[in-house]
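A.B. asks: When you get a sec, could you give me coordinates for this:
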Amino acid sequence: MFEVVPHLVLLLVLAAFCAGFIDSIAGGGGLISVPALLLAGASPVEALATNKLQGTFGAATATLAYARAGQVRPQDQLGMAAISAAAGAVGATMAHLMPAEVLRVIMPVVLIGVAAFFALKPGLSDDARVERMKPAVFAVTVVPAVAAYDGFFGPGTGSFFMMGFVLLAGYGVLKATAHTKVLNFASNIGSLLVFIPSGAMWWGVGFAMAVAQVAGASLGARLAMRIGARLIKPLLVITSTAMALRLLWQALG
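C.D. replies: Below is the predicted model of the structure:
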């Protein structure tokens with residue numbers, strides 16, 4: 001059982017604020033919040049469960065901010081969101097059954113590829129691009145794959161959704177960011193419903209972190225909409241690279 005230590009809770013709240021800020025713009029907030037929970041004494045399952053609780057509030061806040069600004073219409077994304085939620089639940093169920101060692105080896109390579117794509121690909125902006133995959137096909141291929149990964153493991157989910165929307169759906173960077181948060185929120189809900197009955201949730205800490213997540217996500221979404229691709233692209237490159245390096249360090253450690 002987690003004993004409330006004021007300075008640890010304060011550090012977790014600060015970590016949640018930073019995670020919400022980063023996640024609302026480029027994804028990768030779990031890179032901050034999950035290690036913070038582990039350092040505070042949470043078991044891996046407790047860290048994943050509590051992270052999903054607080055992260056759900058951040059994703060919801062970012063989704064609302066982007067929706068109010070007209071960057072996304074959540075009602076038009078209900079089908080994809082339902083698929084994302086279901087796949088997130090499946091992934092969270094798998095997290096209890098399968099080791100994550102294989103993903104820890106593979107994911108750094110994939111994340112470095114994501115960072116390289118956004119760093120080196122010319123012409124990435126907030127303007128729409130060529131649609132290479134119809135929405136229905138995107139919904140039944142990319143969405144469940146990324147959402148299941150989110151429920152099972154997590155780091156880089158926002159980056160993968162972003163890459164799918166930009167490269168396959170033809171979205172501009174800002175529009176892709178907004179739509180990513182809708183699907184990320186849905187996958188969080190699906191996986192959260194699986195983690196709740198496990199009894200691994202740090203409820204008090206999770207809700208304290210959720211308040212900070214909301215503040216960080218609100219600030220991040222506003223900055224992303226004000227600055228657009230000029231902020232999102234470099235932050236996406238930095239977070240993807242940082243996640244890759246951390247996962248490599250864990251795999252080799």
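
A.B. asks: Which SSE is immediately downstream of the helix or strand where Ser159 lies?
C.D. replies: Per DSSP states H and E, Ser159 falls inside helix 157-167. Proceeding N to C from helix 157-167, the next assigned helix or strand is helix 173-195, under DSSP H and E.

A.B. asks: could you list every residue that touches Ala81?
C.D. replies: Counting by CB atoms under 8 Å, 6 or more residues apart in numbering, Ala81 makes contact with 74, 182-183, 185-186. No exception for glycine: its C-beta is placed from N, CA and C like everyone else's.

A.B. asks: just how off-centre is the helix or strand Val34 falls within within its chain?
C.D. replies: Taking DSSP H and E as the criterion, Val34 maps to helix 30-39. Its chain's C-alpha centre and that of helix 30-39 lie 13 Å apart, by CA atoms, centre = their mean, to the nearest Å.

A.B. asks: now the helix or strand following that helix: mean pLDDT?
C.D. replies: Downstream of helix 30-39, the first helix or strand assigned by DSSP H and E is helix 44-68. The pLDDT scores in helix 44-68 average 89.

A.B. asks: tell me which residues in helix 44-68 are buried?
C.D. replies: 46-67 (16 or more other CB atoms under 10 Å).

A.B. asks: follow-up on the earlier one: report the angle between the helix holding Val34 and helix 44-68.
C.D. replies: Taking axes from the mean of the first three to the mean of the last three CA atoms, to 10 degrees, one finds helix 30-39 and helix 44-68 inclined to each other by 150 degrees.

A.B. asks: Most neighbours of all the contacts of Ala81, which one?
C.D. replies: Neighbour counts for the contacts of Ala81 (other CB atoms under 10 Å) peak at Leu183, which has 30 neighbours.

A.B. asks: Chain neighbours aside, what residue packs nearest to that one?
C.D. replies: Ser84 (4.4 Å; CB to CB, 6 or more residues apart in numbering).

A.B. asks: name the element that neighbour belongs to?
C.D. replies: Here Ser84 is covered by helix 78-95, with elements defined by DSSP H and E.

A.B. asks: now that helix, how far from the centre of its chain.
C.D. replies: Between the centre of helix 78-95 and the centre of its chain there are 14 Å (CA atoms, centre = their mean).

A.B. asks: do stretch 45-57 as well
C.D. replies: Between the centre of stretch 45-57 and the centre of its host chain there is 11 Å, according to CA atoms, centre = their mean.

A.B. asks: follow-up on the earlier one: just checking, what packs against the helix holding Val34?
C.D. replies: helix 6-26, helix 44-68, helix 229-252 (3 or more CB pairs under 8 Å, 6 or more residues apart in numbering; DSSP states H and E).

A.B. asks: For Phe195, find the nearest of the ones you listed.
C.D. replies: Shortest distance between Phe195 and the helices and strands packed on helix 30-39, using CB to CB, is found for helix 44-68: 3.9 Å.

A.B. asks: Tell me the gap between the closest one and the middle of its chain.
C.D. replies: Taking mean C-alpha positions (CA atoms, centre = their mean), helix 44-68 and its chain are 8 Å apart.
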